[in-house]
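Engineer: sequence plus predicted model, see below.
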Amino acid sequence: MSQTTFSNQLLTFEEYLAYDDGTDTRYELVDGEMVEMPPKVMKILPLPRNCC
C-alpha cells in the first residue's frame, strides 16, 4: 500500500476543506500535510446456510 503525501506546502484546515482534485480520492490532513487514504474496500461475507 502506498500513500501519496503532498508535502510541498502546509495547508490550513480551511484550505483542506476547499481542496478538490476532481477525483474520488480521499485525503486526510496530518500536521498540515494532505495524505492520500487507501480506497474503501467492501467485504462481502457469505450468509450462513443454517440462518433460518
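Structural biologist: In hand now; what should we look at?

Engineer: CA atoms for contacts and neighbours, from now on please.
Structural biologist: OK.

Engineer: once you drop chain neighbours, what's closest to Leu11?
Structural biologist: Gly32 (4.9 Å; C-alpha to C-alpha, 6 or more residues apart in numbering).

Engineer: so what's the residue count around the one you found?
Structural biologist: When neighbours are counted by other C-alpha atoms under 10 Å, Gly32 registers 16.

Engineer: okay, it: pLDDT?
Structural biologist: Looking at Gly32, its pLDDT is 94.

Engineer: next: Tyr27.
Structural biologist: pLDDT, Tyr27: 94.

Engineer: buried ones in stretch 30-39?
Structural biologist: 32-36 (16 or more other C-alpha atoms under 10 Å).

Engineer: Lys40 and Glu14, how far apart?
Structural biologist: 25 Å (C-alpha to C-alpha, to the nearest Å).

Engineer: pretty sure Glu15 sits in a strand.
Structural biologist: No: Glu15: not assigned to a strand; according to DSSP: H, G, I helix; E, B strand; the rest coil it is helix.

Engineer: that one and Leu47, how far apart?
Structural biologist: Noted for Glu15: a distance of 44 Å to Leu47, by C-alpha to C-alpha.

Engineer: settle it for me: which of these two has more neighbours?
Structural biologist: Legend: neighbour count by other C-alpha under 10 Å for Glu15 and Leu47, higher for Glu15 (11 against 7).

Engineer: okay, the more buried one: pLDDT?
Structural biologist: If you check Glu15, the pLDDT there is 95.
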